[in-house]
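Participant: Mind folding the following:
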Amino acid sequence: CCVHLIFHEPFRFSFVVVGLSLSIETAYTVMNFFRSIVGESEKPRAARAPVPQLSYSALRIHESEDDEDDRQEFEEITMEDVEKVNVLEQRQDEDAVPSQTEPRDENVEEDDERNVQQHAYEKGPPLDKETWASFSDRDGRIVNELKLRKWIFRGGVDESIRREVWSFLFGLYPLSSTFREREVISADFHVRYQALKKRWQTMLHLVSSAEATPLPPDYMCREVESPVVGGSTEQERNGADNECAGGCIEAAGIGEEAKHVVARISVDDGNKFEQFSFAELQAQFYAARQPIDLENLHKAVKLIDKDVPRTDRDQPIFKLRENLGVLRNILITFAAFHPDVGYVQGMNDIAGRFLSVFKSEVETYWSLDRYVDTIKDDFLQETMLAKISLVGKLLEEMDPELCHFLHSVDLGHLVFCHRWLILCFKREFRYAESLQLFEILSSCHLELTSLEAEQAREETRTKQVLREEGRRNERADQVEIHQEYTFDLFVCVAILKEHREDLMACSDQNQVFQCISGFTMKLDVETVLRRSQELFFLYCKKSVMDCFEQDCDENGPST
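Facilitator: Residues are numbered from 1 along each chain as shown. This next block holds a predicted model:
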């Protein structure tokens with residue numbers, strides 16, 4: 001029956017696909033399979049044509065992880081299912097077919113809604129220790145990066161292994177590095193950070209004056225040696241546990257911790273500290289070559305001294321003054337040796353988030369260095385205003401009515417999104433959920449250039465071609481991908497749409513601000529992620545449908 005439909009009535013075969021709820025990629029795979037096998041058998045061997053090839057976009061879908069499930073679903077088709085299809089076809093023949101010039105009916109809209117719902121966010125289990133171990137080979141290299149990022153996006157990371165996972169997620173260590181290589185990298189990080197911190201401390205001491213900001217004694221970090229206690233097996237394997245007793249952060253002192261790191265490197269005892277001495281000399285030379293703008297550094301220190309005492313004081317880790325001193329050292333070191341960015345308010349929240357996870361001054365500094373390098377343009381006023389403008393454009397596409405309302409109360413500029421984007425929604429969720437959202441967004445799994453987005457566009461494109469009886473659309477085949485619409489922008493729009501009724505019930509700007517201020521620490525991360533993903537795939541679908549509608553306007557409806 002399927003063979004007959006494929007060769008003689010391919011359009012009717014599409015109804016079979018719909019009736020059996022098969023995916024489009026499965027339908028094309030089956031169709032090509034039968035055509036290649038049955039068609040070939042009817043020809044002489046010498047006259048056989050090459051097996052038809054899938055298009056590039058269809059091939060990418062065919063190679064998706066769900067393909068095996070699709071094949072199993074097709075293999076379970078019975079004659080009873082075929083009878084149901086026949087009944088479905090009879091009912092469809094009885095219904096009047098609407099004209100192509102008429103607006104799309106409710107059944108089509110419901111089908112579109114189902115298309116979006118199948119991509120709905122499904123919260124998975126967090127990445128645990130056992131699963132995490134399965135992503136590394138015997139030498140410690142991380143394998144199957146795409147699957148790892150997808151796992152993190154679905155469920156986040158278990159707190160017990162968050163420190164180790166974040167060291168890869170935020171670029172502290174390359175994914176391809178081995179255990180041995182990470183030991184060397186860690187030692188290099190320690191000695192280099194020591195040299196950088198010592199340099200700015202020396203410079204500030206030499207040029208100290210009445211105008212210079214005094215170093216507050218109530219939260220100055222004391223140079224201490226922090227014992228290593230309570231390391232888990234995984235942490236001991238990587239030499240990563242530097243948390244000291246009583247919740248105190250590992251403070252990078254006079255070099256003892258760096259020596260301990262070097263001591264854990266798997267080389268002969270006679271060469272360990274020779275390597276340390278050479279690495280320390282290299283680090284001092286590296287630090288001496290870095291220029292320091294003392295005037296800007298003094299300004300940065302003043303801002304840092306104001307911000308550090310206000311950083312996450314509700315968290316136990318920052319109730320210890322020694323830990324605030326560690327955070328201060330990190331921020332001043334960063335400001336001193338990153339003159340293109342310097343210190344910007346909000347960096348204390350970002351660094352505090354890293355410090356609460358790594359519990360290490362050195363690892364926090366280098367994670368902050370790597371992370372800010374990827375988002376440093378967001379700290380520039382022009383760039384951030386452009387990004388907020390993109391949120392406005394996206395909101396206008398997804399909910400024009402809400403966008404118009406915000407313009408009517410003079411909030412079309414969406415200035416309140418600045419804090420959301422720069423802090424990655426840290427203050428809108430409870431602290432544990434904000435950490436989870438931070439790692440989920442940093443997984444970069446779902447973007448408009450990702451495989452999942454291309455799948456959604458291809459599914460929509462194929463369904464529309466079937467609706468128009470095989471009429472292709474060149475514009476839809478090459479949909480313009482706006483890479484600047486990153487997933488965090490969809491999160492912004494999702495938050496606004498989730499509270500749409502409350503916002504539109506406001507009568508003026510002040511009430512809208514009060515409503516938005518009420519989001520603080522009250523949003524549910526799973527609800528927001530679900531809505532964000534729905535909007536994401538709806539946008540992917542809409543970008544294709546707009547091309548078909550534009551082509552219809554220019555060339556007229558298909559006949």
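Participant: mind listing the strands in the stretch 401-550 of the chain by residue range?
Facilitator: Here the stretch 401-550 of the chain has no strands by DSSP state E, counting those that start in this stretch.
Participant: need the helices for it, in chain order.
Facilitator: When assigned using DSSP state H, counting those that start in this stretch, the helices of the stretch 401-550 of the chain occupy the ranges 417-422, 431-442, 451-467, 474-477, 487-498, 500-504, 509-517, 525-555.
Participant: Looking at those helices, which is nearest to Tyr365?
Facilitator: Minimum separation from Tyr365 across the helices of the stretch 401-550 of the chain (C-beta to C-beta) falls at helix 431-442, 17.8 Å. For every residue, glycine as well, the C-beta is placed using N, CA and C.
Participant: looking just at contacts, which helices and strands does that closest one meet?
Facilitator: helix 145-155, helix 162-169, helix 347-358, helix 487-498, helix 525-555 (3 or more C-beta pairs under 8 Å, 6 or more residues apart in numbering; DSSP states H and E).
Participant: comparing those, which gets the lowest mean pLDDT score?
Facilitator: Among those, helix 525-555 has the lowest mean pLDDT, at a mean of 81.
Participant: could the helices and strands packed on helix 431-442 be laid out in a markdown table, adding mean neighbour count and distance to Leu446?
Facilitator: Below are the helices and strands packed on helix 431-442 laid out as a markdown table (neighbours: other C-beta atoms under 10 Å; distance: least, C-beta to C-beta, whole Å):
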| stretch | mean neighbour count | distance to Leu446 |
| --- | --- | --- |
| helix 145-155 | 18 | 6 |
| helix 162-169 | 21 | 15 |
| helix 347-358 | 24 | 21 |
| helix 487-498 | 23 | 5 |
| helix 525-555 | 19 | 6 |
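Participant: so which of the ones you listed comes closest to Tyr193?
Facilitator: helix 347-358 (12.6 Å).
Participant: next helix or strand past that closest one?
Facilitator: The helix or strand immediately downstream of helix 347-358 is helix 361-375, counting by DSSP states H and E.
Participant: If you count contacts, what does that following helix end up packed against?
Facilitator: helix 162-169, helix 179-206, helix 321-337, helix 347-358.
Participant: Can you add distance to Ile375 and give these back as a markdown table?
Facilitator: Converted to a markdown table, these look like this (distance: least, C-beta to C-beta, whole Å):
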| stretch | distance to Ile375 |
| --- | --- |
| helix 162-169 | 14 |
| helix 179-206 | 21 |
| helix 321-337 | 14 |
| helix 347-358 | 9 |
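Participant: Tell me which of those helices lies nearest to Glu447.
Facilitator: Using C-beta to C-beta, the helices and strands packed on helix 361-375 put helix 162-169 closest to Glu447, at 15.6 Å.
Participant: and that closest one with helix 361-375, angle?
Facilitator: Angle, helix 162-169 to helix 361-375, by axes from the mean of the first three to the mean of the last three C-alpha atoms, to 10 degrees: 40 degrees.
Participant: Which elements pack onto helix 162-169?
Facilitator: Secondary elements touching helix 162-169 (3+ C-beta pairs under 8 Å, 6+ apart): helix 233-238, helix 347-358, helix 361-375, helix 431-442.
Participant: Highest mean neighbour count out of the ones you listed?
Facilitator: Mean neighbours per residue, mean count of other C-beta atoms under 10 Å, is largest over the helices and strands packed on helix 162-169 for helix 347-358, with a mean of 24.
Participant: what residues does that helix touch?
Facilitator: By C-beta atoms under 8 Å, 6 or more residues apart in numbering, the list of residues contacting helix 347-358 from outside reads 162-163, 166-167, 170, 249, 304, 307-308, 310-312, 315, 317-318, 323, 326-327, 330-331, 334, 361, 363-364, 367-368, 371-372, 423-424, 426, 434-435, 438.
Participant: now do stretch 391-411
Facilitator: Residues outside stretch 391-411 that contact it (C-beta under 8 Å, 6+ apart): 412-414, 417, 421, 485, 489-490, 492-493, 496-497, 500, 503-504, 506, 508-509, 512, 535, 538-539, 542.
Participant: And stretch 151-161, by the same measure?
Facilitator: Counting by C-beta under 8 Å, 6+ apart, residues outside stretch 151-161 touching it are 122-129, 131-132, 165-166, 169, 232, 234, 436, 439-440, 443, 445-446.
Participant: okay, how far is it across that stretch, tip to tip?
Facilitator: 14 Å (C-alpha to C-alpha, to the nearest Å).
Participant: pLDDT below threshold where in the stretch 401-550 of the chain?
Facilitator: Confidence mapping of the stretch 401-550 of the chain against pLDDT under 70 gives the ranges 468-478, 548-550.
Participant: if I look at Cys547, how far off is Pro400?
Facilitator: 19 Å (C-beta to C-beta, to the nearest Å).
Participant: next one: Asp340
Facilitator: Between Asp340 and Pro400 the computed distance is 39 Å (C-beta to C-beta).
Participant: So which of these two has more stuff around it?
Facilitator: Pro400 (10 against 7; other C-beta atoms under 10 Å).
Participant: From Val157, how far out is Asp349?
Facilitator: 20 Å.
Participant: about what we covered before: between the helices and strands packed on helix 431-442, which one is nearest to Gly518?
Facilitator: Comparing the helices and strands packed on helix 431-442 under C-beta to C-beta, the one sitting nearest is helix 487-498, at 11.9 Å.
Participant: Mind giving me the packing neighbours of the closest one?
Facilitator: Using 3+ C-beta pairs under 8 Å, 6+ apart: helix 487-498 touches helix 381-398, helix 417-422, helix 431-442, helix 525-555.
Participant: Which one, of the helices and strands packed on helix 162-169, ends up nearest to Val525?
Facilitator: helix 431-442 (4.2 Å).
Participant: angle of that closest one against helix 487-498?
Facilitator: Using the same axes, to 10 degrees, helix 431-442 lies at 130 degrees relative to helix 487-498.
Participant: Pull helix 431-442 out as CSV, backbone CA atoms only.
Facilitator: What follows is helix 431-442, C-alpha atoms only, in CSV (Å, rounded to 0.1, in the frame of the first residue of the first chain):
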residue,chain,number,x,y,z
TYR,A,431,20.2,31.8,44.1
ALA,A,432,20.3,28.0,43.4
GLU,A,433,18.1,28.4,40.4
SER,A,434,20.1,31.4,39.1
LEU,A,435,23.2,29.2,39.1
GLN,A,436,21.3,26.5,37.2
LEU,A,437,20.1,29.1,34.6
PHE,A,438,23.6,30.5,34.3
GLU,A,439,25.0,27.1,33.3
ILE,A,440,22.1,26.3,31.1
LEU,A,441,22.5,29.5,29.1
SER,A,442,26.3,29.1,29.0
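Participant: Can you lay out the helices and strands packed on helix 162-169 as JSON lines showing distance to Arg180?
Facilitator: Listed next are the helices and strands packed on helix 162-169 as JSON lines, based on distance: least, C-beta to C-beta, whole Å:
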{"stretch": "helix 233-238", "distance to Arg180": "11"}
{"stretch": "helix 347-358", "distance to Arg180": "21"}
{"stretch": "helix 361-375", "distance to Arg180": "18"}
{"stretch": "helix 431-442", "distance to Arg180": "27"}
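Participant: looking at these, which is closest to Ala279?
Facilitator: Closest of the helices and strands packed on helix 162-169 to Ala279 is helix 361-375, at 13.5 Å (criterion: C-beta to C-beta).
Participant: That closest one vs helix 381-398, what angle?
Facilitator: Using the same axes, to 10 degrees: helix 361-375 against helix 381-398 is 60 degrees.
Participant: Quick check: mean pLDDT of helix 361-375?
Facilitator: 96.
Participant: Specify the angle between it and helix 321-337 in degrees.
Facilitator: 40 degrees.
Participant: now helix 361-375 against helix 179-206, angle please.
Facilitator: Per the same axes, to 10 degrees, the angle that helix 361-375 makes with helix 179-206 is 90 degrees.
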